[in-house]
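# Give me the fold of what follows.
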Amino acid sequence: MSFFWGECQSAGGSVPDEQVIQISPHYVAMRGTESKPARCTQLLGEVGCGVRCTLYEQRSSSCREFDASWENGVHNPRCDEARQAHGLPPLTPP
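Model prediction:
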């Protein structure tokens, strides 16, 4: 997921510049997300077993705004798609 370059540290934001790649003149993305399958280089662990973001407090708005399905009681089809890409079933409502 891309986000505005102004979120990078060099522009006064929180995301470390060395962890992003340029997508367009105004947008960047986290390194690794340009690959297929996409996997952010800042995601540590094994998907489906246990992962964590090493930049959690510095993460971009695109990460901050991506909720897991049923978090806050709302279904997120994009979460289902991301889980499916890693062979995981969709989350179910509590």
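
# Helices of this protein, start to end?
Here the chain has its helices, by DSSP state H, at 61-64, 77-85.

# tell me, what residue is most central in the protein?
Compute the mean C-alpha point of the chain, and by Cα atoms, centre = their mean the closest residue is residue 63, 4.4 Å away.

# So that residue is in contact with residue 1, correct?
Yes - using Cβ atoms under 8 Å, residue 63 is in contact with residue 1, at 7.4 Å. Any C-beta I mention is one placed from the backbone N, CA and C, and that applies to glycine too.

# which residues sit in contact with residue 16?
With contacts taken as Cβ atoms under 8 Å, 6 or more residues apart in numbering, residue 16 has the following neighbours: 8-9, 55, 58.

# Which one (most neighbours) among these?
residue 8 (19 neighbours; other Cβ atoms under 10 Å).

# pLDDT value on that one, please?
If you check residue 8, the pLDDT there is 98.

# Then residue 37?
pLDDT, residue 37: 82.

# ok, back up a step: and of the helices of the chain, who's closest to residue 34?
helix 61-64 (13.6 Å; Cβ to Cβ).

# For that closest one, what is the distance to the chain centroid?
Put simply, helix 61-64 sits 7 Å off its chain's centre (Cα atoms, centre = their mean, to the nearest Å).

# hang on, the earlier thing: adding mean pLDDT and distance to residue 48, write the helices of the chain out as a markdown table.
Output for the helices of the chain, formatted as a markdown table (pLDDT from 0 to 100; distance: least, Cβ to Cβ, whole Å):
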| stretch | mean pLDDT | distance to residue 48 |
| --- | --- | --- |
| helix 61-64 | 95 | 19 |
| helix 77-85 | 93 | 9 |
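
# got those as TSV, with distance to residue 47 columns?
Below are the helices of the chain laid out as TSV (distance: least, Cβ to Cβ, whole Å):
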stretch	distance to residue 47
helix 61-64	15
helix 77-85	9
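
# what's the closest of those to residue 70?
For those, the distance to residue 70 is smallest for helix 77-85, at 8.7 Å, taking Cβ to Cβ.
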